[in-house]
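Student: Prediction below, plus the sequence it came from.
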Amino acid sequence: MSDTPAGLFLSRSLKNVNFMIGFIILLSIVLTAVFAPSIAPFNYDEPHKADRFTAPNSTYWFGTDDFGRDQFSRVVYGARITLQVAIVGTLIQVLLGVTVGLLCGFYGGAIDRILMYLTDVTWCVPGTVLALAVVTVLGKSLMNSIIAISLVNWAGYARVVRAKTMSLKNMPFIETAVAFGERRPIIMLRYILPNMVPALIVLISMNLPGTILSTATLSFLGLGSQPPSPDWGLAISQGMTYVTRCVWLGVFPGLALVYTVVGVNLLGEGLRDLLDPNIG
Amino acid sequence: MESTAREELLRLDKLSVDYPVRGGWLSAVSELSLTLFKGEIYALVGESGCGKSTVAYAVTRLLPGSERVDGGIYFEGDDLTKLSASKMEKVRGRRIGMIFQNPLDSLNPVYTAGRQISEAIALDGVSRLDARDRAVRLLRDVRMPDAEKRSRSFPHELSGGMRQRVMIAMMLSREPDLLIADEPTTALDVSIEAQILSILLDQKESRGASVLLITHNFGVVAETADRIGVMYAGELVEEGGAEDVFDRPAHPYTRLLMRALPRSSKKAGRLETIEGAVPRFTDRPRGCRFRNRCPGAMDVCAVLAPEYKTVNDGHRYRCHLERTGEA
Amino acid sequence: MRTYYLKRLSMGALLIFSVSILVFSMMHMMPGDPIDLMVDRRVSQDRRDALRKEYGLDRPLITQYVDWAGKILLHGDFGIAIRTKQPVNDQLSRRIPISLKLCGLMFLFELIIAVPLGLICAYKKDSWIDRIITNISLVMTAVPNFWLCVILIIIFSVKLKWLPISGYEQARNWVLPVASGVLGGVSGTIRLTRSETIDAMRQKYVVTAYAKGLPHRAVVVGHVLRNALILITVLMCMSIPWLISGAVITERMFGIPGMGHLLINSIVMQDYSVVQACVLIITTLTVAFNILGDILIGLLDPRIRIAQTEGAQ
């Protein structure tokens, strides 16, 4: 089994404690999100008028809120939103970053200078503030907050992809492809891009915690997910409203967030050891 | 080499140094014994990785701290391995100076050359201002061009040769009895190399300092050393007066080193032309450490470590082979 | 040297100019009529046109931009908030000192706490104390700042009843906001200090310093710390703007009426002239602290000073 590259990778990852713990945590979140209806005892917006503000007990594991909604079910369903944020956010960032990075690194010259200046401009506005400004324009919704965060974070991808493209561009196998008359877009997609997959994977795992936390922050500020969404960030802000009466409302969604981010961090740490991608 | 009434300065007594590595200890120096007398230049020669630099760092107790050191290091009667940390601070610089290779990394980039030299001088209670003047004078002594101006330069503004002069001036500043020079001329031009060696020679002749010269360059040795020790894989394989070792090398390794010198200019020769590399041992092996590269290896070499054999007074080597003709 | 600073300053000015165009055009691309934000929908078209004229919204965008930027440059005047109909400057001048106080306190405590802890970790590398501090700071990076605020409030205000939840008049009001900011930022600084110091300790010039006979203490202060603190100082200086944006959340949580509070409220109310002003001020601070960082590193590290001098020629 361990003769093939994939087998080798598998046997090495099994020995990497960080990777394994991170992987198990992430797997548990994905499974929770997928099987949320079977795991959650109630629907996330099902009110129980008689049981408002109930402290955690055997029926309502994480207690209930002002509508008497089961908090455990809401946290379970919230995993779906976090997963959505992670996938959509990463997709936008990677798409933007890789496109710009490839173009800049491959063609250089004026395109490179203009696009890199643009990333410079986005870099000199603190992320939270830029995201807030974008949300002002787009309006309050989960999707818009994901877009806002992605517009802030894509520049990091662009920089790494650009640097990698520039160093790969001069490799002999690329020159061979050019000599054989391959078209430039084909060279970029078939020859250069596959060579930075390991670096991209590690970069994604490094950026994911920021994406999740920033989007949750926007939801917390009331600029992302809107009620009755079970978004963890939104749930914490609702918990803050009743912080003097029922402490549990703010605690559990936050723990879920920390659990997720710790998982991603560990996975990223492990991936960095396993793939060792030399990111500038 | 006349050997009467020489006063002992430094004596290593079965010095062993092991570094921790994954799954055991790497033997860098193994039961090495040698004596350095007052007013002589002793050259410790060997390929990179043979443990010669480790000897230098062990004597000054500047090893990283995770290593295991056995044996004794006697310097003017004190066993340096047993000295307290604060007493050792008083030995360094004042009684033993150490000149490092690669002086760009070895000089602090944020201080001027003069400041780094006077910092050492000020340790002897000299005022900052006097120390500064002394630093300039020292730079002049080591033939630094434009010494006054250069003392105000930062290390990266100086050439490789100038940096090495700063390093030497720094280590001469407190007039130590023993100078340890670890590859002092590596990566320097031949003309600068000659100047640096003559500074070391001058230290010996003008004030009777001893020098432990660590090098992989036999050319350097030929011009300066009084005695030579040849190291291989952490062991001293041959030792003797410079002429004896040069003209009548006894150990097969020494002979190989000699043969590796280009015939035309022995002086510029480097030891890079021997095949294979110095092996590293994670445990202390049985038998002779050189046997896998030795042209004359015998069955006995695999099981029994050889004892030292004496050629003449002060010239000894460590091999099962009897010394035969010239190399 | 001077050419380098001039070059750096003009680059910074260009960046701020670009951001101002970016922010201005973003705010004016906003869907909907800004007049709708000012008056009720039922107001007559004549009145609306009069308002549009009064606020200069009928002019071409470029004219509006030049007018807006010109007023800021010449008079430091950020215009009038369309929602509250107050001068933006009045709102800012009340709030900026409060934000500065909060950020200043956070920075100070972060420095006092994080740098010594980072140094302890570096000097006791791999000891139990290093492991505890590094692991806690690793977990802390996974804790969202706003949730940290909630937890601090639950522990110290709700359960223990030691500290008030909100307000900003008394010193005890500032304990929790500052603590949450410091706890959030401290782990990065600890890890930076630790890695920089460990890196400095491994340098060969440290061995040289010991070799010339310097006592341990002199080596640590004069060679290890002197060199390690270069990058720590500079990066901390450059992190100040991020502290300000972090304070946005802290202010909102604890009801501190600073600039961040104003920014969020203005976003919710779509009061774009205030948002523009806040973003521009924070950007200018970011650029300014970055330039300051570059100047500082040049002063502290002669290698970089020379590179800067040569690069500017």
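Tutor: That came through, no problem. Numbering: from 1, shown residues only, chains lettered A, B, ... in the order given.

Student: ok, residue B:16 to residue B:83 distance?
Tutor: Separation of residue B:16 from residue B:83 (C-beta to C-beta, to the nearest Å) stands at 18 Å. Placement of C-beta: from N, CA and C, glycine included.

Student: These two: who's more crowded?
Tutor: Remark: of residue B:16 and residue B:83, residue B:16 carries more neighbours, 19 against 16, as counted by other C-beta atoms under 10 Å in any protein chain shown.

Student: what's that one sitting at in phi/psi?
Tutor: The phi/psi pair for residue B:16 (degrees, to the nearest 10) reads phi -130, psi 140.

Student: and it, what is it in contact with?
Tutor: B:27, B:29-32, B:68-71 (C-beta atoms under 8 Å, 6 or more residues apart in numbering or on different chains).

Student: Mind doing that once more with 6 Å?
Tutor: Listed by C-beta atoms under 6 Å, 6 or more residues apart in numbering or on different chains, the contact set of residue B:16 reads B:29-31, B:70-71.

Student: among these, which are in reach of chain A?
Tutor: The overlap between the contacts of residue B:16 and the neighbours of chain A (C-beta under 6 Å from any C-beta of the partner chain) is empty.

Student: For these, which entry has the maximal number of neighbours?
Tutor: The most crowded member of the contacts of residue B:16 is residue B:29, carrying 28 neighbours; neighbours defined as other C-beta under 10 Å.

Student: remind me, longest helix of the chain?
Tutor: Because you didn't say which chain, this covers chain A. The longest helix of chain A (DSSP state H) is helix A:71-107.

Student: wrong one, I was asking about chain C
Tutor: Longest helix in chain C, counting by DSSP H: helix C:88-123.

Student: again with chain B
Tutor: helix B:190-207.

Student: What's the mean pLDDT across the next helix or strand after that one?
Tutor: Note on helix B:190-207: by DSSP states H and E, the next helix or strand toward the C-terminus is strand B:210-215. Averaged over strand B:210-215, pLDDT sits at 93.

Student: quick one, what contacts the closest residue in space to residue C:79 that isn't next to it in sequence?
Tutor: Using C-beta to C-beta, 6 or more residues apart in numbering or on different chains and skipping the chain neighbours, the partner closest in space to residue C:79 is residue C:273 (5.0 Å). Applying C-beta under 6 Å, 6+ apart, we find residue C:273 in contact with C:79, C:81-82, C:88.

Student: Of these, which pair is most distant in space?
Tutor: The span of these, defined through C-beta to C-beta, is set by C:82 and C:88 at 9.8 Å.

Student: quick one: which of the two has more around it?
Tutor: For the pair residue C:82 and residue C:88, the greater number of neighbours falls to residue C:88 (24 against 21), based on other C-beta under 10 Å.

Student: quick one: secondary structure of residue B:108?
Tutor: What DSSP: H, G, I helix; E, B strand; the rest coil gives for residue B:108 is coil.

Student: what's the pLDDT at it?
Tutor: Among the per-residue scores, residue B:108 shows a pLDDT of 93.

Student: quick one: is the helix or strand following the longest helix of chain A near chain C?
Tutor: Toward the C-terminal end, the helix or strand that comes next after helix A:71-107 (DSSP H and E) is helix A:109-123. Yes: Helix A:109-123 is in contact with chain C by C-beta under 6 Å from any C-beta, via residue A:121.

Student: helices and strands around helix A:109-123, which ones?
Tutor: helix A:71-107, helix A:142-169 (3 or more C-beta pairs under 6 Å, 6 or more residues apart in numbering or on different chains; DSSP states H and E).

Student: For that helix, buried residues please.
Tutor: A:112, A:115-116, A:118-119, A:121-123 (16 or more other C-beta atoms under 10 Å in any protein chain shown).

Student: Also stretch A:53-71?
Tutor: Neighbour counts over stretch A:53-71 (16+ other C-beta under 10 Å) mark A:54, A:56, A:60-65, A:68-71 as buried.

Student: now those residues in JSON lines, with distance to residue A:10, secondary structure and pLDDT?
Tutor: Formatted as JSON lines, those follow (distance: C-beta to C-beta, whole Å; DSSP: H, G, I helix; E, B strand; the rest coil; pLDDT from 0 to 100):
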{"residue": "A:54", "distance to residue A:10": "46", "secondary structure": "coil", "pLDDT": "80"}
{"residue": "A:56", "distance to residue A:10": "40", "secondary structure": "coil", "pLDDT": "85"}
{"residue": "A:60", "distance to residue A:10": "41", "secondary structure": "coil", "pLDDT": "81"}
{"residue": "A:61", "distance to residue A:10": "36", "secondary structure": "coil", "pLDDT": "82"}
{"residue": "A:62", "distance to residue A:10": "37", "secondary structure": "coil", "pLDDT": "86"}
{"residue": "A:63", "distance to residue A:10": "42", "secondary structure": "coil", "pLDDT": "83"}
{"residue": "A:64", "distance to residue A:10": "44", "secondary structure": "strand", "pLDDT": "84"}
{"residue": "A:65", "distance to residue A:10": "44", "secondary structure": "coil", "pLDDT": "82"}
{"residue": "A:68", "distance to residue A:10": "47", "secondary structure": "coil", "pLDDT": "80"}
{"residue": "A:69", "distance to residue A:10": "42", "secondary structure": "coil", "pLDDT": "88"}
{"residue": "A:70", "distance to residue A:10": "39", "secondary structure": "strand", "pLDDT": "89"}
{"residue": "A:71", "distance to residue A:10": "38", "secondary structure": "helix", "pLDDT": "88"}
